[in-house]
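> Sharing a model that was predicted from the sequence below.
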Amino acid sequence: MLAKQTQALCLRYLQQLDKMLLKIKTELQKSSNQSEHTILAAKLADDMFALHVQVRITCNFALRGCCRLAGREVIYFDNQDVSFAGLQQQISQTVAYIKALEFAEPLLSKPALGELKQGEPILHDTAGQNTVSLPQSKFIQQYILPNMFFHLTLFYAIARSRGIHLSKGDFDGYHFYPEGFSF
């Protein structure tokens, strides 16, 4: 249950990321006030990752979670192409790989959020200079998904800070607001 839900959630938001990236590309083609290089290199602060890195990290957290739940070695589709095409290729390869993952067994059968099921595997990862070792449900719910959404949100925030017209609906695919509406 956890594996299939995680897979579906990751796929949904990777597809939203791809749509937002396409919207940025389309908007830049219509205006001449910034280049592809400028927007992809944009940061919220000097000591933070650029927009293109936020895309890559979002993809990689989805893979880190889904691969581990499927009992597979974690694979990444990073490439050296810092362009819309290179990022869209990484998203596409990530989505295709996650879609193709098969999960050998039902990993959890509806425990309370964060509750450890007896015999649940402990999953490991690195978080900066720290090693994270958590039961798989906590690993996904408290580490993988929050980090994936953190980097996805930073992608959105960087784009918005550079004047790109994205909305909450672009982020989640559900909300709709009339043109010109803002909070």
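Thanks, I have it. Numbering: from 1, shown residues only.

> From now on I want contacts and neighbour counts done on CA atoms only, so please keep to that.
Noted.

> next structured bit after the helix or strand bottoming out on mean pLDDT in the chain?
Scoring the helices and strands of the chain by mean pLDDT, DSSP states H and E places strand 122-127 at the bottom, with a mean of 88. Toward the C-terminus, strand 122-127 is succeeded by strand 130-135 as the next helix or strand (DSSP states H and E).

> just to revisit the earlier point, can you pull the buried residues of the least confident helix or strand of the chain?
Using 16 or more other CA atoms under 10 Å as the burial criterion, the residues of strand 122-127 that qualify are 123, 125.

> Please export the C-alpha coordinates of it as PDB.
The C-alpha coordinates for strand 122-127 follow below in PDB (Å, rounded to 0.1, in the frame of the first residue of the first chain):
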ATOM      1  CA  ILE A 122      14.900   0.000   8.000                       C
ATOM      2  CA  LEU A 123      15.900   2.200   5.100                       C
ATOM      3  CA  HIS A 124      19.100   4.200   5.000                       C
ATOM      4  CA  ASP A 125      20.100   7.400   3.200                       C
ATOM      5  CA  THR A 126      22.400  10.400   3.600                       C
ATOM      6  CA  ALA A 127      21.000  13.800   4.500                       C
END
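
> Give me the residues contacting it.
Here strand 122-127 makes contact (CA atoms under 8 Å, 6 or more residues apart in numbering) with 68, 131-136, 139.

> just the buried members of these?
68, 134-136, 139.

> would you list those residues in CSV and tack on distance to residue 11 and pLDDT?
Shown next, in CSV, are the buried ones among the contacts of strand 122-127 (distance: CA to CA, whole Å; pLDDT from 0 to 100):
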residue, distance to residue 11, pLDDT
68, 16, 93
134, 23, 93
135, 23, 94
136, 19, 91
139, 18, 94
